[in-house]
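> Just the structure for this:
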Amino acid sequence: MKRVDSMKCLHIAWDNKGLIPCITQDSISNEVLMLAYMNEEALNLTLQTGIAHYFSRSKQRIWKKGEQSGNIQEVCEIKLDCDSDSILLRVRQKGVACHTGEFSCFFKNIDSINKDCATTRQESLETTKDSLTHSLNTYDTLDTLYHTLLERKNADSTTSYTASLFAKGTNAIAKKIIEEAGEFCFALKDRDSKEIIYECADVFYHILVGLASENIHPDRIYQELIRRMGVSGIAEKQSRAQHAMK
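Modelled structure (predicted):
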């Protein structure tokens with residue numbers, strides 16, 4: 001595929017954040033695989049390499065599809081719709097497209113919600129277990145937990161602790177983070193390794209709930225930690241103080 005040096009010649013209608021929605025379709029089965037977003041850099045990289053690249057809104061960075069899992073998408077064709085405000089990618093999918101292990105991200109049937117609820121719930125539980133196993137085997141633990149928390153946003157708050165936290169809002173989530181951090185500090189003070197690990201896991205979990213509530217992927221925290229590596233902690237704090245004074 002040839003690289004396009006200027007997107008202006010295509011008259012793409014980028015949104016106010018410089019993004020455009022991208023529908024990705026399997027070139028063999030014609031099945032819709034996923035919906036993602038591209039910015040100009042992602043589209044250029046896709047055209048240049050022939051491999052699908054997107055812009056992750058949660059990670060706030062360019063994302064090569066399959067960069068962790070190996071499930072890359074070889075691009076066969078790129079189309080722009082009649083209004084020039086959405087893109088269609090036709091690809092050869094390596095492996096599966098969805099992080100759950102499903103071939104397509106579109107596997108939930110809305111029209112079956114009220115049909116045989118008991119069976120549907122059991123099938124849903126089995127699918128969730130399979131998806132969790134696949135995700136843990138393919139991605140890191142925090143990434144898997146983050147996506148699980150996002151799914152809980154729409155769960156029943158009377159049966160899901162995570163959903164109840166989201167329902168209560170930011171203040172309730174913040175209070176839980178402070179509470180769990182305090183319990184971690186007490187465990188640290190007591191030098192009880194088992195309790196330190198247990199309470200630290202609670203802190204991680206509730207911090208991830210806080211991040212998920214704001215749609216901030218933990219990858220952005222990784223990026224900030226990487227940025228700070230090799231920088232003196234004293235210098236970092238001083239630069240932060242100087243920035244606050246401006």
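> For the chain, which helix or strand comes out least confident on mean pLDDT?
In the chain, no helix or strand scores lower on mean pLDDT, DSSP states H and E than helix 117-138, which sits at a mean of 52.
> Do you have the helices of this protein handy? List them.
For the chain, applying DSSP state H gives helices covering 40-49, 117-138, 141-152, 161-168, 170-190, 193-213, 218-228, 233-245.
> Point out where the chain drops to low pLDDT.
1-10, 111-139, 241-246 (pLDDT under 70).
> Serialize the helices of the chain to JSON lines and add fields for mean neighbour count.
Bear in mind the C-beta positions are built from the backbone N, C-alpha and C, glycine included. Shown next, in JSON lines, are these (neighbours: other C-beta atoms under 10 Å):
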{"stretch": "helix 40-49", "mean neighbour count": "19"}
{"stretch": "helix 117-138", "mean neighbour count": "13"}
{"stretch": "helix 141-152", "mean neighbour count": "18"}
{"stretch": "helix 161-168", "mean neighbour count": "17"}
{"stretch": "helix 170-190", "mean neighbour count": "14"}
{"stretch": "helix 193-213", "mean neighbour count": "17"}
{"stretch": "helix 218-228", "mean neighbour count": "13"}
{"stretch": "helix 233-245", "mean neighbour count": "9"}
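> Export those as JSON lines, with columns for distance to Cys82.
JSON lines is the format used below for those (distance: least, C-beta to C-beta, whole Å):
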{"stretch": "helix 40-49", "distance to Cys82": "18"}
{"stretch": "helix 117-138", "distance to Cys82": "36"}
{"stretch": "helix 141-152", "distance to Cys82": "32"}
{"stretch": "helix 161-168", "distance to Cys82": "38"}
{"stretch": "helix 170-190", "distance to Cys82": "41"}
{"stretch": "helix 193-213", "distance to Cys82": "36"}
{"stretch": "helix 218-228", "distance to Cys82": "35"}
{"stretch": "helix 233-245", "distance to Cys82": "46"}
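> Please name whichever of these is nearest to Phe55.
The closest of these to Phe55 is helix 40-49. By C-beta to C-beta, the value is 4.8 Å.
> now for the closest one, which elements pack on it?
strand 53-56, strand 61-64, strand 73-80 (3 or more C-beta pairs under 8 Å, 6 or more residues apart in numbering; DSSP states H and E).
> Right, I'll call it a day here.
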